[in-house]
Each structure stands twice: as C-alpha cells, then as structure tokens.
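Participant: 3D, please:
(one chain, ligands or ions: 1)
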Amino acid sequence: MEAVDLRLALGGRTVLDGLTLAAERGRTTALLGPNGAGKTTFIRCCTGVLEPDAGTVRIGGQAVGRALAGGRVGVMPQDSGAWSGIRPLEMLRHLAGLHASPLPVDALAERLGLHELARTPYRRLSGGQKQAVNLAGALVGRPELVFLDEPTAGMDPHTRRAVWALLRELRAAGTTVLITTHAMDEAAELADRVHIIDAGRVRVSGTVEELAADGRSLEQVFLDHTTSRIRP
Ligand SMILES: Nc1ncnc2c1ncn2[C@@H]1O[C@H](COP(=O)(O)OP(=O)(O)OP(=O)(O)O)[C@@H](O)[C@H]1O
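Facilitator: Next up, the predicted model:
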C-alpha cells in the first residue's frame, strides 16, 4: 500500500498536508501521532470513506475502489456504531459469509474472549468488548491488507496480549498490517516500521531500533518530533 502526497482539507482546515507513506507487503507498519494528527483521516482515505483533495493511494498497485471491491482489504474503524442490535457471533457469521475462505468464527471469537457474549447485543457490550468484535470483523475474511485504527484502545492487558499474539500470527502468515496506536509498547512489540506523523504529514520514520538509536525511548522520539496542542 502506497500513499503519495495526500492532501485534504476538512471544515476549512488542512488535515492531510502532503502525507506520503508506504506499508510494505507482509509487514506491520505503525502510525503514531498526537490526537488530531490525521491518522484516522488517512485510514479513511485508504479505505474509500474520504476522497483526498490531491495525492494518490494504491493498494497492491490498484486504485482504492478496485482493491476494496476485491474483498482483500479489512478495516477496523475507531468507532462503528452501526451494529447496535446485532449479537457478536451473528455479526461475525454474517461477515464470514461474505468471504470465500473466512477464518473459523468460533475459534476467532474464543481467542478474543467473545464466545461468552453470544447473546449480548453489540450496544450492551463494554468498550473493550466492542473493540474485540470490531477487530474480529476486520480479520474474519482473511484480508491480505488490514487497517486497524487503535485496535487495543480500552482493552485490558490480557486481551491486549491476545491481540498482539493474533497480529504476530497474521504477520507470520504474510498479512500486511497498518496499525495506529498511542501505546509505544505496542508499536515496539509489533511494528517492523514506524511513521510518526504530526499535522497531516510524516515527521520521522524508521524501525523502532533506528528511531531510538541514540538511547532515547520511542516516547521521547515521539515527543521530540510532534507538537502538543495542550496549552500549559
Ligand atoms: N469531517 C470533518 N470535518 C471537519 N474536521 C474534521 C473532520 N474529520 C476530521 N476532522 C479533523 O481532522 C483532524 C484530524 O482528525 P483525525 O481523526 O484524523 O485525527 P487522529 O490522528 O486520528 O486523532 P486521534 O489520535 O485523536 O484519533 C482533527 O482536527 C479533526 O477534528
């Protein structure tokens, strides 16, 4: 997946300001950036929800619409209120049915702690449980490329580790993963390559080892390359 010089203004403000980055096939790429840096907007541009004002996104050499139509792209959005009344396993079975060779739903649900929630409507789930359902929904079709927008936000440490294990297995199976996170340990644990973005453009990129080569922590590198919007 390659994005080149994406530009987008929303509500009269520049949100993407020449964003260029690639997610290498079969690798895990992490996008870090302060609140409002443009991470979710970037994912929306990559998944056909938003059209950039300028710039291009190619997925496996194809335009976004064509790649999405092929059914090989999964996405876990930050919030999806769309499932209000549906029960998690029903939803996952429905999504599985849309794909040629889906993951086994029961095993996936069990790994993410969803098997006991078969009768609970989505809107009654806890925040972390909703996240787990959305993640399972993104993965159930065995996508070649998956966009995960803060997949472990709100998850307890047991679930977070289960998700990390799942994501490591996906990587081993050759899946391309693009993940956003505010958790530096998560980026360090999972990412082959990290891009730190701020105000709609990439500020610095590299492996965690490269970024932290001078002894700084990844968090310090983040703080040094990004701007706080908090007024002291
Ligand atoms: N439809 C919209 N209209 C106006 N502004 C928008 C719209 N969508 C997003 N924005 C603005 O674009 C900026 C980037 O938002 P985005 O959700 O991409 O940030 P983010 O990096 O994902 O942040 P977070 O870490 O908080 O999730 C924000 O200032 C947001 O208010």
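Participant: what residues does stretch 85-92 touch?
Facilitator: With C-beta atoms under 8 Å, 6 or more residues apart in numbering as the test, stretch 85-92 has contacts from 83, 94, 105-106, 108-109, 114-115, 117-123, 125, 129, 133, 136-137, 140. To be clear about C-beta, it is placed using only N, CA and C from the backbone, and glycine gets the same treatment.
Participant: at 6 Å instead, please
Facilitator: 83, 105, 109, 114, 117-118, 121-122, 133, 136, 140 (C-beta atoms under 6 Å, 6 or more residues apart in numbering).
Participant: which two of these have the greatest separation?
Facilitator: Spatial extent of these (C-beta to C-beta) is set by the pair P121 and V140 at 19.0 Å.
Participant: my read: E150 touches T180, true?
Facilitator: Yes - at 5.5 Å, E150 counts as touching T180 under the criterion of C-beta atoms under 6 Å.
Participant: what's the helix or strand for the residue positioned nearest the centre of the chain?
Facilitator: Computing the C-alpha centroid of the chain and ranking residues by C-alpha atoms, centre = their mean puts L148 first, at 1.7 Å. Using DSSP states H and E, L148 sits in strand 145-149.
Participant: what's the least confident helix or strand in this protein, going by average pLDDT?
Facilitator: helix 64-69 (a mean of 90; mean pLDDT, DSSP states H and E).
Participant: for that helix, could you pull out the residues that count as buried?
Facilitator: 64, 67-68 (16 or more other C-beta atoms under 10 Å).
Participant: give me the contact list for it.
Facilitator: 48, 57, 59-60, 73.
Participant: what about the residue nearest to L21 when sequence neighbours are not counted, which SS state?
Facilitator: Nearest residue to L21, sequence neighbours excluded (C-beta to C-beta, 6 or more residues apart in numbering): H195, at 5.0 Å. Assigned by DSSP: H, G, I helix; E, B strand; the rest coil, the conformation of H195 is strand.
Participant: got a pLDDT number for H195?
Facilitator: With respect to pLDDT, H195 has a value of 98.
Participant: and it, how far from L117?
Facilitator: Distance check for H195 against L117: by C-beta to C-beta, to the nearest Å, it reads 35 Å.
Participant: quick one, which of those two is more surrounded?
Facilitator: Neighbour totals were compared for H195 and L117, and H195 leads with 25 against 20 (other C-beta atoms under 10 Å).
Participant: packing partners of the longest helix seen in the chain?
Facilitator: Longest helix in the chain by number of residues, with DSSP state H as the criterion: helix 157-172. Helices and strands touching helix 157-172, by 3 or more C-beta pairs under 6 Å, 6 or more residues apart in numbering; DSSP states H and E: there are none.
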